[in-house]
Structures are given as C-alpha cells and as structure tokens.
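[1] Make a model of this:
(2 chains, ligands or ions: 2)
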Amino acid sequence: MNRSGEALIRVENLTAAYGDEVVLQDVSLEVYAGEVFAILGGSGCGKSTLLRHMVGLHEPAAGRVLIGGRDICRADDAQRRRILRSIGVTYQSGALFGSMTLLENVRFPLEELTELPHEAVDTIAMTKLRLVGLAEYAESPPAEVSGGMQKRAAIARAMALDPEILCMDEPSSGLDPVTSAELDQLILELARALSVTFVVVSHELASIYTIADRVAMLDKQARTIIATGTPQELREHSEDERVRRFLERNV
Amino acid sequence: MSRAREQTASASVEAEQGSDGAFRLVLSGRLDAHTTAGAWREALRLLEGAAPGRAVVDASRVDYCDGAGIALLRELRRRQDARGGELVIEGLAEESRSSLERFEDAELDPARYRRTVRHGPVERAGRAAVAVLQDGRQQVEFVGELMVAMGGALARPRRLRWKDVFALIEQVGANALPVVGLVGFLMGLVMAFEAAIILQQFGVEIFVAKFIGLSLIRELGPLVTAIVLAGRSGSSFAAELGTMQVNDEISALRTMGLEPVRVLVVSRVLAAVAMMPPLTVFFDLAGLLGGAFVAFSLGIPLVTYTNQALASVDLSDVLGALVKALVLGLLVAAAGCLRGLQTERSASGVGRATTRAVVSGIILIAVASGVFAVVYYYLGI
Ligand SMILES: Nc1ncnc2c1ncn2[C@@H]1O[C@H](COP(=O)(O)OP(=O)(O)OP(=O)(O)O)[C@@H](O)[C@H]1O
Ligand SMILES: [Mg+2]
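    Numbers count the residues shown, from 1 in each chain, chains lettered A, B, ... in the order given. Ligands and ions are numbered 1, 2, ... in the order given. Model prediction:
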C-alpha cells in the first residue's frame, strides 16, 4: 500500500441530500491506491448514498468527489467515461440485468466497452463467473438463482473489465459464512496481486477485520464520518463510545 | 389457530366501584389481537362514562396480554390523561408492564414523524409550475440525447445490439398483428356499414369503397395503429425501463460508463419505427377486408370494390400515411422510454410511469396528427 502518493479517490466536504433532506454533511475522506477501504455505519446512515456519490451517480449538494484528481461530476463526457471504465460497482440489490442470463450479464460490459472477439469475451466472462463459483449457473437468468448468487454474479460483472477500483455495496450480506470468507479471500487476492483498490460498504465485522486496511465510520445523527483509521486502531483506541461499541460487538 | 380456542378465548370488561370510591375497570381473560377488538370500545366507553379523577384498571385477571392488550392499556391511560385524570394499572404481569413502559406515548404518535409539510396554495402552484418546467427540460434533454444516440447508431450500426432489436421487433410488430388486424377489420366493417346506410338513400352504395379506402389509408390507419402501439408497446417500454430503474439496473449501466439512452432506448425506438409502417399496412388491409364484407352483402362485386378502393387514393396518400406512421411510432416509443427512465423508485412508481407513457403517447399522437394535417394540406397531399 502506497500512502505517500496522491489519493486515488478524494471526497472533499461532500454534502449529500435527497430533495431538502440532508443525509450527509461535510464528509471528507481519501482512498489510496491499492488499499481496501471499508465504510461502516448503522442502517440508514448514508453508506450507500456516499458510495453512489463516489461513483458519480448523484451530484453532490456541496463539495466534490475527485477520482485520480478529476472531478467526476464536472468531467466532460469522454473523461467521465474513462473514469467510469476504471471503476467496477456492485449494488446492494445486485442490479443484474433481468432480461439476460448470468453469463450475458458478465459479457455485457465486455461487449459494449471493448472490441474483443467473441471467444475472448466468453473466456473472460466464464473465468469471472468461475471465480465467484457460479460457472454452472452461467445460463440461468437472475430470477432463477438465489439472492446471494445474484450478488456474486454482480461481483463477477463488476470485475469483468478488471477495473482499478471496485466499489461494493454490502457484497457479503446474504451470503453464508463460508462463501463470505471466500469472497474476502478473493478481495485480498485482487488487492495484493493486481493492486485493485476496494471501497467496500460492509456490516460484517469479521470480514472487515480480515480485509480492511482502513475504515471510515458514518453516524446517522452526526451525518458525517466520526472516525477513520485501521480497524484495530479504532477498536482499541477510539475515544468515541459509538465507534468502540460498533467494532466490539460479537468479536 | 384452532376454532375451539377462538370460541373459548375471550376478553371481558367490567366496571365496579372500589372500596376507596375510585372507579375500577376490571379486565379479564385473554387480550390478544382478536379478543381485544371486542373489548376495546366497551372499555373506553366505561372509562369515559366514569367521573374524571382517579381510576384503576385491574389487570390481575388477565391471563394473556400481547401487543393488542398493551395498546388498549396505553389508549386507556392516554384518554384518562387527556381528561386530566389519573390511571393506575394494577396486577399487570411483569413482562406486560415492561412492554407498556418501554416507550413513551409521544414516541408512538406517527404525526410526530410526518414529513409531508402542508404547503399553501401559492407554494403548491409554484411547485407544480417548477415540476412542469423540469419535465419540459428533461424532455428536451432526452430528445437531444436520443438524436445523438440514433445518429451514433446509424454511423456505427455494428455497435447496436441487433439481437435485442430483433427480439423487440417481434414483440412490437409480429405479436401486435392479431390485435391490429382485429381492430382494423372491425373498424372497416362498422364504418362501411354506417356509411352504406346513408349512401344507400342516394343510391350510391358504390362510394362505400371510396370512403373506406380514403379514410382508412389516409387518416385512420396511422392513427389507430399508433394508439394500439402506445397501449401495447409504449406502456411495456415504460414498465421495463421503470423496473430497471427501481432495480438499480439503470445505475449499473451509468456506472459502466454507458448511456441508458444509447443502450436501451435506441433499440426500442428503432423497433417501433421499423414496425409502424408494416403494421399500418396490415391495419389498412384488414379494414378494407371488413369493408368488403359489407360491400359484398350490398351486392357490389369484389372486383368493383377493390378497384374503387384503390382508385380513391394515390401514391402520395399512401406514402404520406406511411411517413406519418413512422413519426408517430417514433413519438410513442420515445415517450414510453422517457417515462420509464423517469420512474420514481417504487412499484407504484412503475405503475404511474406506465400510465404516463400511454397518456403522453396519445397526446403526442393527437398533436402530431394535427400538425401533419396542416402540413399535408399546404403540401397538397
Ligand atoms: N432515493 C431516496 N430518496 C429519499 N431519501 C433517501 C433515498 N435513498 C436513501 N434515502 C435516505 O437516506 C438515508 C441514507 O440511506 P442509505 O441508503 O444511504 O443508507 P445505508 O447506510 O446504505 O443503509 P443500509 O445499511 O440499510 O443499506 C436514509 O435515511 C434514507 O431515508
Ligand atoms: Mg445501503
């Protein structure tokens, strides 16, 4: 992990609102290349909202999000596309295309965004599905596999183009402990071998202690980040009662 | 739950005078969601009939009390408080007491959390105006994006997902043949019949063919086919895209760096535009066939009918109608897709998007038909 350089993702004084309702106020954070960054916090505190702003789905009410030094909301179309192609995103709901099979879902970004020949696309897509243990369900539509399997297929799709950054919204919720541990291993492998940068929203403390280099904790009342640091640091030394309570539960 | 238990289990309420003169409400039996319903009104009536001041609820004979029972006790206490009295609850089992005390009454009042602020009429009017302007802006943006995307697709047709386009063509075109044919046939039949009644009075039944040919091919063909398209496909486009919106599939496209308009809308609009002319021709043929039935029964030979019908229109009429069909198809499909992409994130949002798609489609059909009528008049078509 290289922290001396410029941050890969920099969120500066972000305020996020839905209509008149402010969900996040004055949030700042930095994610460095190659690290696994986890966003924690109670249900409804704005983790998904933060992630959606980081990938440019919503325009901040105030503040900005820089990816590789570029403001994603102010970039022109070509730059924006270039930034987005370096990011893979998975959603809390999976968000697979319902009209396509799992394989077609994974093939989709490869077909739309590259000139790779047919066979190459197939091989790459099947490799990704195999990585998340879904090769045998390649030809099933999303509606015919379980919720956890949809989640894993979505991860395969997000990895299709081997992005530099993978943003995942609760990737392990709905997975059994074994699959969830396998997913953690996969994340660590990608982070170490290909130095992929991860931004992961998660509730699973076990997985956070295994994978996260640093965590940021959001709080619903404060509407902002109340602590950042390595998970161990926060658990042992945080002055904030809320942080320690969150991190100590069932460990 | 067994029937026997339902019959035996019940709650009862009685009022009595305590030794200290206080009003006592004695609850007994089982207080669950089924039995409490019966006891509720009686308990409140008895309490409110008593003199205000101190009242006691005796719950020592309650042998089961769940959330409904707690709600009753809470309501009794609230009413008594509102009258300025005091309510003492005696003999309540420990676990029920703790659930009664767990939350403050005020915490459980939904009005406290209500979000929708009531706006005055001026502000409401203002907000409605802003909403209309925003919708207008979105429409203009959408038309722009769609034109760019269509241009891009024409410039690089290989990038188009042809598999999707063909599936859509089947869904929009081939699958619509039965309903378009049926509507066309019946309209031809009915119109010819009505016209024949009048024309017969003048002895010129032969004009039935001219009438049918002219009105169907020039005006009704594109119009009715477009309305069928709005009902069948405009709505289904809106529902499909709306569901994708609700499922975050649209967000997923955007974060892949793909424009939903290019990936999803172009194929749908192309399919609709490609299928409108053939559907319109099919409608016209079915209508002429319906008219032929009437003509035949009036004793007009089929050859005469066909000749008359075809002579009633010239090539410019036919081409004009087909161009109109193309444009109406474009409008209906684009409106359906736009409404789908504008869906709010809920199941009822998808329903509303579908309705809006059909309504917008029909409005656009009406407006465009008017414009075409004027333009064609000046062009002499
Ligand atoms: N589309 C929306 N419109 C209005 N408010 C929203 C919308 N989406 C989220 N919110 C509000 O924003 C807040 C944060 O939501 P968000 O989905 O970011 O929470 P979260 O931290 O991801 O929760 P969870 O762990 O349950 O997924 C919530 O209080 C919610 O009410
Ligand atoms: Mg969330």
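[2] Going C-terminal from the helix or strand B:Ala55 falls within, what's the next secondary structure element?
    Assessed by DSSP states H and E, B:Ala55 sits inside strand B:54-65. For strand B:54-65, the following helix or strand on the C-terminal side (DSSP H and E) is helix B:67-82.
[3] The following helix or strand past that following helix packs against which elements?
    Remark: after helix B:67-82, the chain's next helix or strand is strand B:86-90, criterion DSSP H and E. Judged by 3 or more C-beta pairs under 8 Å, 6 or more residues apart in numbering or on different chains; DSSP states H and E, the packing partners of strand B:86-90 are strand B:54-65, helix B:67-82. For every residue, glycine as well, the C-beta is placed using N, CA and C.
[4] Looking at those, which is nearest to chain A?
    When those are compared for distance to chain A using C-beta to the nearest C-beta, the nearest one is helix B:67-82, at 23.0 Å.
[5] got the buried residues for the closest one?
    Burial within helix B:67-82, assessed by neighbour count using 16 or more other C-beta atoms under 10 Å in any protein chain shown, is assigned to B:68-73, B:76-77, B:79-80.
[6] now swap in stretch B:332-346 and tell me
    B:332-343.
[7] So which other helices or strands are in contact with the lowest-mean-pLDDT helix or strand in chain A?
    Counting by mean pLDDT, DSSP states H and E, the weakest-scoring helix or strand in chain A turns out to be helix A:241-248, with a mean of 79. Helix A:241-248 makes packing contacts with strand A:214-219, strand A:224-229, helix A:231-237 when contacts are defined by 3+ C-beta pairs under 8 Å, 6+ apart.
[8] For the residue of the stretch 251-381 of chain B found nearest chain A, which non-adjacent residue is spatially closest?
    Evaluated by C-beta to the nearest C-beta, the stretch 251-381 of chain B has B:Gly257 as its residue closest to chain A, separated by 3.5 Å. Nearest non-adjacent residue to B:Gly257, counting by C-beta to C-beta, 6 or more residues apart in numbering or on different chains: A:Leu84, 3.5 Å away.
[9] Work out for me the element the one you found sits within.
    Assigned by DSSP H and E, A:Leu84 falls within helix A:77-85.
[10] Please save the CA atoms from that helix in CSV.
    What follows is helix A:77-85, C-alpha atoms only, in CSV (Å, rounded to 0.1, in the frame of the first residue of the first chain):
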residue,chain,number,x,y,z
ASP,A,77,-18.2,13.0,-21.4
ALA,A,78,-15.0,11.4,-22.7
GLN,A,79,-13.2,11.9,-19.4
ARG,A,80,-16.2,10.7,-17.4
ARG,A,81,-16.4,7.5,-19.5
ARG,A,82,-12.7,6.9,-19.0
ILE,A,83,-13.0,7.4,-15.2
LEU,A,84,-16.1,5.1,-15.0
ARG,A,85,-14.4,2.4,-17.0
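[11] Sheet partners, orientation included, of the helix or strand that it is followed by?
    Next helix or strand after helix A:77-85 toward the C-terminus (DSSP H and E): strand A:87-90. Strand A:87-90 sits in its sheet next to strand A:165-169 (parallel), going by DSSP bridges.
[12] quick one, which of the helices and strands packed on strand B:86-90 is nearest to A:Val31?
    Relative to A:Val31, the nearest member of those by C-beta to C-beta is helix B:67-82, separated by 45.9 Å.
[13] what angle do that closest one and strand B:86-90 make?
    150 degrees (axes from the mean of the first three to the mean of the last three C-alpha atoms, to 10 degrees).
[14] Tell me the gap between helix B:67-82 and the middle of its chain.
    Here helix B:67-82 is found 41 Å from its chain centre; the criterion is C-alpha atoms, centre = their mean, to the nearest Å.
[15] quick one: contacts of that helix?
    Contact with helix B:67-82 is made by B:11, B:25, B:27, B:31-33, B:36-37, B:39-40, B:43-44, B:47-48, B:52, B:55, B:57, B:59, B:62, B:86-87, B:89, B:92, B:96, B:99-100, B:105, B:108, as judged by C-beta atoms under 8 Å, 6 or more residues apart in numbering or on different chains.
[16] and the end-to-end length of stretch A:129-141?
    The stretch stretch A:129-141 measures 14 Å between its terminal residues, going by C-alpha to C-alpha, to the nearest Å.
[17] is any part of it close to chain B?
    No: using C-beta under 8 Å from any C-beta of the partner chain, stretch A:129-141 stays clear of chain B, with a minimum separation of 13.3 Å.
[18] May I see the buried residues of that stretch?
    Residues A:129, A:131-132, A:134, A:137-138, A:141 are the ones in stretch A:129-141 that count as buried (16+ other C-beta under 10 Å).
[19] And for stretch A:103-117?
    A:103-111, A:113.
[20] picking up where we left off before, enumerate the positions of the least confident helix or strand of chain A that are buried.
    The neighbour-count check on helix A:241-248 (16+ other C-beta under 10 Å) flags A:242-244, A:246-247 as buried.
[21] Run through the residues of chain A sitting next to chain B.
    A:52, A:55-57, A:80-85, A:87, A:89, A:91-99, A:108-109, A:112-113, A:157.
[22] Among these, name the buried ones.
    The buried subset of those - by 16+ other C-beta under 10 Å - is A:52, A:55-57, A:80, A:83-85, A:87, A:89, A:91-97, A:99, A:108-109, A:113, A:157.
[23] burial measure for the spatially closest residue to B:Ser96 that is not a sequence neighbour, as a count.
    Leaving aside its sequence neighbours, B:Ser96 sits nearest to B:Cys65 (C-beta to C-beta, 6+ apart; 4.6 Å). Neighbour count for B:Cys65, taken as other C-beta atoms under 10 Å in any protein chain shown: 25.
[24] Tell me where the model's unsure across the chain.
    Reading this off chain A. By pLDDT under 70, the weakly predicted segments of chain A are A:1-5, A:249-251.
[25] Let me rephrase: I mean chain B.
    In chain B, residues with pLDDT under 70: B:1-8.
[26] closest point of it to ligand 1, which residue?
    B:Arg345 (5.7 Å; C-beta to the nearest ligand atom).
[27] Which residue is the nearest non-sequential neighbour of that residue?
    B:Val246 (5.3 Å).
[28] Tell me if I'm right that that neighbour and B:Ser348 touch.
    No: using C-beta atoms under 8 Å, B:Val246 is not in contact with B:Ser348; the gap is 10.3 Å.
[29] So for the two, which residue has more residues nearby?
    In this view B:Val246 and B:Ser348 are compared by other C-beta under 10 Å, and B:Val246 has more residues nearby, 18 against 9.
[30] you'd agree B:Phe237 is up against B:Arg268?
    Yes: taking contacts as C-beta under 8 Å, B:Phe237 lies within contact range of B:Arg268: 5.3 Å.
[31] So for those two, which residue has more residues nearby?
    Using other C-beta under 10 Å, the more surrounded residue of B:Phe237 and B:Arg268 is B:Phe237, with 33 against 25.
[32] quick one, strands of the chain?
    You didn't pick a chain, so chain A it is. In chain A, the segments counted as strands under DSSP state E are A:9-18, A:21-31, A:36-40, A:62-67, A:70-71, A:87-90, A:165-169, A:197-201, A:214-219, A:224-229.
[33] To clarify, I was referring to chain B.
    Counting by DSSP E, chain B has strands at residues B:11-17, B:23-31, B:54-65, B:86-90.
[34] Report how many residues lie close to residue 184.
    Chain wasn't specified; assuming chain A. 23.
[35] you looked at the wrong chain, it should be chain B
    Number of residues near B:Gly184 (other C-beta under 10 Å) recorded here: 27.
[36] which residues does it contact?
    Contact partners of B:Gly184, counting by C-beta under 8 Å, 6+ apart, are B:216, B:221, B:224, B:282-287, B:290.
[37] Alright, I will stop here.
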